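Novice: Predicted structure and sequence below. I'll ask about it afterward.
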Amino acid sequence: MKASQFLITTLKEAPADAEVVSHRLMTRAGMIRKLGAGIYNYMPMGLRVIRKVERIVREEMNRAGAVELTMPVVQPAEYWQESGRFEKMGPELLRIKDRHDRDFIVQPTSEEVVTDIARQELRSYKQLPKNLYQIQTKFRDERRPRFGLMRGREFIMKDAYSFDRDEASAKGSYQVMAQAYRRIFDRFGLKYRAVAADSGAIGGDLSEEFQVIAATGEDAIVYCPTSDYAANMEKAEAMAPQGPRPAPANPLTRTPTPGKATCADVAQLLGVPLATTVKSLVLATDELDEAGLVKSSKVWLLLLRGDHDMNEVKVGKVPGLDEGWRFATPAEIESHFGCRPGYLGPIGLKQAVELVVDREVAVMADWICGGNEVDVHLTGVNWVRDLPEPTRVADIRNIVEGDASPDGKGVLAIERGIEIGHVFYLGTKYSRSMNASFLDEDGKPKPFEMGCYGIGITRLPAAAIEQNHDERGIVWPDAIAPFTVVVCPIGMDRSPEVKAAAENLYSELLEQGVDVMLDDRGERPGAMFADWELIGVPHRITLGDRGVKAGQAEYQHRRDSAATAVPLAEVAAYVK
Ligand code: ATP
Ligand code: MG
Ligand code: MG
Ligand code: MG
């Protein structure tokens, strides 16, 4: 590819709403452009990355015996009514109507449609096991689309579905996928961890998430450095011994036992009509530094409206709100608490509320705050300005670093991750509700035993950038770089030798099957290098007039601090 023909649209500045480095860099590198909240154009530079991710995933899925198909993005609602998800799923499911007023959905995954395919096409045990997958556009009306491709509303997912005769065989298919996922994520060169996840109502332990380790990750993961134990926080908390943790050393003075109030009470207290649906006033804890220690003495108040959507945090009329206190933005809450500001989330504001409710000191006024139960609020809650000594954020969880690992083989550590893949044993959940069965050897119909397996194709590049970047831009692993090599001729228009050498090298690399970009835009070296460092191409070959005349080129890896002189005749071999 030649730069003059390609669409290169780098930016000096990142958009103001880009909170994490991958979102900033993907936008600045011209890989994505926002069209609407959580909806992006995959620009040519970004699409190349996505296609490479897809290729690796496809290769490994095929190697594992899965078969590719494509299911519609827009699906008739009747299948979703059969499974019950049309009614059960919340607003994340995008429901639409056609001109005849018939209901449709935009697929967030495709269990229903693939189960319908199975019940029509897989009639005998002889056709099993089967694993069907697609790499396809998904839509989820996420409550908080953010971080660019990391949490889009429209995104690309690889979703696979296995069909087996019985539970044992289904668990075998699950293990095959879990292995394939390891191969896939190894090939991307990412630091990741497979963690046990909650398999919800289905039961059993067969659900694992693949988490790319990154400080900006939305998930907390708990693991034991000296054993194989690893789980997401939700699962770890579900498995942890119940009951309150013992109070930390130097506990803060307790206030009187909080009472309870209804929404109506809160509305009255705030002086707003109940119709404005103020549902809760939440008292949140303090600012934390990187080590999770309380840094300042601010305490925030939040008003949650309606369904507790954090995007609608509004300043309300709070009696007694004095100077020096203010309302936190959702982003602040998230970055300071290091967790999603979920009203009922396991490490969300619930604990934040309890932290203050249970352990506050300097009493200023009797407040009402969220009671972590719909329509229940706590009264008599007071807020604090100064906490007597640093409090670890881990203290507000049930599980803290240093707790004994459940396997008894060490102590627990906590880190943050980005969920890039999820493998899940489904059992007969869908096959039973949708009446999908096959004839077994004994001639009797049996429901399929199923599993489902997802990979966030468009989330993956974002996760890769969170792990691989520096102050100049992205540093792609070779496997998913938009181009593997960039040839940067300097003064191509002035030096026929440079032009010829660049064209020759470009053709030679192309012939060798190297994914090469020739920057023939005639940019000055500084601007040209800045672009390719921002875009993150791993290998760069620079050709200058003096060097070329002396038979030399300059090679620099994106991670190198300086270029190395390499004989022009050998440089093609150098980057392979
Ligand atoms: P999350 O916990 O991040 O919301 P999820 O558990 O809802 O993800 P799954 O239903 O397990 O997601 O989907 C499989 C994979 O699809 C996830 O592991 C993730 O990599 C990807 N994915 C899910 N939601 C999004 C999204 N909004 N944007 C991009 N990728 C996504
Ligand atoms: Mg989700
Ligand atoms: Mg998840
Ligand atoms: Mg998941």
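Specialist: Arrived safely. The structure displayed is predicted, hence computed values, not measured ones. Ligands and ions are numbered 1, 2, ... in the order given.
Novice: So which residues on the stretch 101-250 of the chain come close to ligand 1?
Specialist: Contacts of the stretch 101-250 of the chain with ligand 1, taken as C-beta under 6 Å from any ligand atom, map to 140, 142, 151-152, 155, 157. (Each C-beta comes from the backbone N, C-alpha and C, glycine too.)
Novice: those strands in the stretch 1-150 of the chain, which residues are they?
Specialist: Along the stretch 1-150 of the chain, counting by DSSP state E, counting those that start in this stretch, strands occupy 32-36, 39-42, 67-68, 74-76, 94-97, 103-106, 130-139.
Novice: looking at these, which is closest to Phe483?
Specialist: Distance to Phe483, taken as C-beta to C-beta, is lowest for strand 39-42 among those, at 16.0 Å.
Novice: does the closest one come close to ligand 1?
Specialist: No - taking C-beta under 6 Å from any ligand atom as the criterion, strand 39-42 and ligand 1 are apart, separated by no less than 10.3 Å.
Novice: neighbouring strands for that strand, and are they parallel or not?
Specialist: Paired strands of strand 39-42, with direction, are strand 32-36 (antiparallel) (DSSP bridges).
Novice: I'd like the average pLDDT over the partner strand.
Specialist: The average pLDDT within strand 32-36 is 97.
Novice: Any buried residues in that strand, and which?
Specialist: For strand 32-36, a neighbour-count test (16 or more other C-beta atoms under 10 Å) marks 32, 34 as buried.
Novice: Then stretch 441-455?
Specialist: 446-455.
Novice: any bit of that stretch sitting next to ligand 1?
Specialist: Yes - against ligand 1, stretch 441-455 shows contacts by C-beta under 6 Å from any ligand atom at Gly454.
Novice: Could you look up the next helix or strand downstream of the lengthiest strand in the chain?
Specialist: Counting by DSSP state E, the longest strand found in the chain is strand 413-427. Downstream of strand 413-427, the next assigned helix or strand under DSSP states H and E is helix 429-433.
Novice: for ligand 1, what are the nearby residues on the protein?
Specialist: When proximity is defined as C-beta under 6 Å from any ligand atom, the chain approaches ligand 1 at 140, 142, 151-152, 155, 157, 419-422, 454, 456, 458-459.
Novice: pLDDT-wise, what's the bottom of those residues?
Specialist: By pLDDT, Glu142 ranks lowest within the residues of the chain next to ligand 1, coming in at 92.
Novice: For it, give me its contacts.
Specialist: Applying C-beta atoms under 8 Å, 6 or more residues apart in numbering, we find Glu142 in contact with 38, 92, 151-153.
Novice: Of those residues, which belong to helices?
Specialist: Per DSSP state H, helices hold no members of those.
Novice: sorry, back to before: so which elements touch the longest strand of the chain?
Specialist: Strand 413-427 sits against helix 167-187, strand 192-196, strand 207-213, strand 219-223, strand 449-456, helix 459-467, with contacts defined as 3 or more C-beta pairs under 8 Å, 6 or more residues apart in numbering; DSSP states H and E.
Novice: Tell me which of those lies nearest to Gly84.
Specialist: Among the helices and strands packed on strand 413-427, strand 449-456 comes nearest to Gly84, with 15.5 Å by C-beta to C-beta.
Novice: what's near enough to touch the residue lying closest to Ala214 once chain neighbours are set aside?
Specialist: Leaving aside its sequence neighbours, Ala214 sits nearest to Glu466 (C-beta to C-beta, 6 or more residues apart in numbering; 4.0 Å). Residues near Glu466 by C-beta under 8 Å, 6+ apart: 20-22, 212, 214-217, 418.
Novice: Closest one of those residues to ligand 1?
Specialist: Among these, Ile418 lies closest to ligand 1 (C-beta to the nearest ligand atom), at 7.8 Å.
Novice: partner residues bridging the closest one?
Specialist: Beta-bridge partners, per DSSP bridges, of Ile418: Val212.
Novice: Kindly report the same for the one 4 residues further on.
Specialist: Counting by DSSP bridges, His422 is bridged to Glu209, Gly454.
Novice: which ones are touching it?
Specialist: Here His422 is in contact with 197, 207-210, 453-454 (criterion: C-beta under 8 Å, 6+ apart).
Novice: cutoff 10 Å now
Specialist: If you count contacts by C-beta atoms under 10 Å, 6 or more residues apart in numbering, His422 has them with 157, 159, 181, 197, 207-211, 452-456.
Novice: who wins for most neighbours among those residues?
Specialist: Neighbour counts for the contacts of His422 peak at Gln211, which has 29 neighbours (criterion: other C-beta atoms under 10 Å).
Novice: wait, isn't that one in contact with Gly417?
Specialist: Yes - between Gln211 and Gly417 a contact is recorded at 3.0 Å, counting by C-beta atoms under 10 Å.
Novice: what about Arg165, neighbour count?
Specialist: Counted with other C-beta under 10 Å, the neighbours of Arg165 add up to 18.
Novice: Which of the contacts of Glu466 are buried, as a PyMOL select command?
Specialist: Listed next is the PyMOL selection for buried residues among those, using 16+ other C-beta under 10 Å:
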select buried, resi 20+21+22+212+214+216+217+418
